[in-house]
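Asks: compute the structure for the input listed below.
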Amino acid sequence: MAEIARLKKITKFRTIKDIIHLTESYLMTKLIFLLTVFSYSFLHAHDYCKLPKDEVLTVGCTTNCKYFYRKAIYRAANYYGYPVRIVNMYNEELDINFDEVDAVVNPGGADIDPKYYKGKVDADLREQLDRLDYLVNYSYEGEVRDPFEYKFW
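Replies: Numbering: from 1, shown residues only. Sure thing, here's the model as predicted:
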């Protein structure tokens, strides 16, 4: 009895039934809201993830995608039934046109020359990068790709 009196005082409701009723109403309202949101998303999710029949998915590579990258892209597109075209986005003018592609792949490759990011780190980290410079694998591939991909991203 003391517990009921204490609950009445704390909650300022007349009876425990009022508390239970309000809790049930609150939970029911939340449940109905969540079910409505989920049912809407499940019913209409497929409408937004389909490519129109006559459209081709265009995937751009920041450099010429090698065999295994191309194969993985074609396999994924084929799995979903999408026609796909792969384009090489690299150009020496560093001109990037994102309007031409639906997706971008940046294949792995050579180490990035630290000169592209050293100016944006603290002095102590910059000194450490200078000390570890002998570990960087400077290559022709990096020399060609770095300026384009740095501007790209």
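
Asks: CA only for contacts and neighbour counts going forward, please
Replies: OK.

Asks: what mean pLDDT does the helix or strand where Arg70 lies get?
Replies: In this structure, Arg70 sits in helix 67-80 according to DSSP states H and E. Computed over helix 67-80, the mean pLDDT rounds to 88.

Asks: domain ranges for the protein?
Replies: 2-48, 51-108, 109-153 (automatic domain parsing).

Asks: state the distance from Ile112 to Gly142.
Replies: 6 Å (CA to CA, to the nearest Å).

Asks: which one of those two has more residues nearby?
Replies: Ile112 (20 against 16; other CA atoms under 10 Å).

Asks: need the pLDDT of that one.
Replies: 79.

Asks: likewise Gln128?
Replies: 88.

Asks: pretty sure it is in a helix, no?
Replies: Yes: assessed with DSSP: H, G, I helix; E, B strand; the rest coil, Gln128 lies in a helix.

Asks: what is the burial count for it?
Replies: Gln128: 10 neighbours (other CA under 10 Å).

Asks: ok, Thr58 next?
Replies: 16.

Asks: hmm, who's touching the strand or helix carrying it?
Replies: Thr58 belongs to strand 57-61 when assigned by DSSP H and E. Outside strand 57-61, the residues within contact range by CA atoms under 8 Å, 6 or more residues apart in numbering are 51, 82-90, 100-107.

Asks: which of those are buried?
Replies: Tyr82, Val84, Ile86, Val87, Met89, Tyr90, Val101, Val104, Val105 (16 or more other CA atoms under 10 Å).

Asks: wait, the fifth one sits on Thr62?
Replies: Yes: applying CA atoms under 8 Å, one finds Met89 in contact with Thr62, separated by 5.1 Å.

Asks: now the strands: where do they sit in this structure?
Replies: In the chain, the strands defined using DSSP state E lie at 57-61, 84-88, 103-105.

Asks: measure Asp122 to Lys151 for me?
Replies: 22 Å.

Asks: to clarify, my last question referred to Thr58.
Replies: 21 Å.
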